[in-house]
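Colleague: show me the folded form of this:
(one chain, ligands or ions: 2)
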Amino acid sequence: MTAPAIAPLAEALEHQPRCTAKFHTGHRPPAAFWVDQHGCIEQLVCLGCYTWLVDRWDEWISTVDQLNCPRCQTKFDAFTDAFHVVPLCPTSSQ
Ligand SMILES: [Zn+2]
Ligand SMILES: [Zn+2]
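Modeller: Ligands and ions are numbered 1, 2, ... in the order given. Here you go, the predicted structure:
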């Protein structure tokens, strides 16, 4: 039986990237995705924030057809055009 008695230390050693979204004040969940907003903004986000983003996109796009990037003013009508999402695969090398 190997109980994780040194969990905080192990976590620090893991180099687990954290969600960088501003929603979190205090504890930041582990990042699950790297979201590249077509080069304008790059951000590591957790599953919760990614889900939020996808939900908001669906909500916004259903009302305006196209969304303007606040940075470059490019119009997008597809989530996959606006965002390049890369799931972070935890390194399973042990
Ligand atoms: Zn988050
Ligand atoms: Zn842009």
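
Colleague: pick out the residue closest to the middle of this structure.
Modeller: Nearest to the mean C-alpha position of the chain, by C-alpha atoms, centre = their mean, lies Val45 at 2.2 Å.

Colleague: name the helices or strands packed onto the lengthiest helix in the chain?
Modeller: In terms of residue count, the longest helix belonging to the chain (DSSP state H) is helix 47-64. Applying 3 or more C-beta pairs under 8 Å, 6 or more residues apart in numbering; DSSP states H and E, one finds that helix 47-64 makes contact with strand 33-37, strand 67-68, helix 79-82. From N, CA and C alone the C-beta is placed, and that goes for glycine too.

Colleague: need the residues that contact that helix.
Modeller: The contact list for helix 47-64, computed with C-beta atoms under 8 Å, 6 or more residues apart in numbering, reads 19, 21, 23, 29, 32-33, 35, 45, 67, 77, 79, 82-83, 85.

Colleague: can you report how many residues lie near Val35?
Modeller: Applying other C-beta atoms under 10 Å, we find 20 residues neighbouring Val35.

Colleague: quick check: buried residues in stretch 34-41?
Modeller: Within stretch 34-41, the residues that count as buried by 16 or more other C-beta atoms under 10 Å are 34-35, 37.

Colleague: ends of it, what's the gap?
Modeller: Stretch 34-41 has its terminal residues 11 Å apart, counting by C-alpha to C-alpha, to the nearest Å.

Colleague: got the residues of the protein near ligand 2?
Modeller: Proximity of the chain to ligand 2 (C-beta under 5 Å from the ion) is limited to residues 40, 69, 71-72.

Colleague: those: which ones sit near ligand 1?
Modeller: Contacts with ligand 1 within the residues of the chain next to ligand 2, as defined by C-beta under 5 Å from the ion: none are present.

Colleague: which parts of this structure sit against ligand 1?
Modeller: Applying C-beta under 5 Å from the ion, we find that the chain lies next to ligand 1 at 19, 21, 46, 49.
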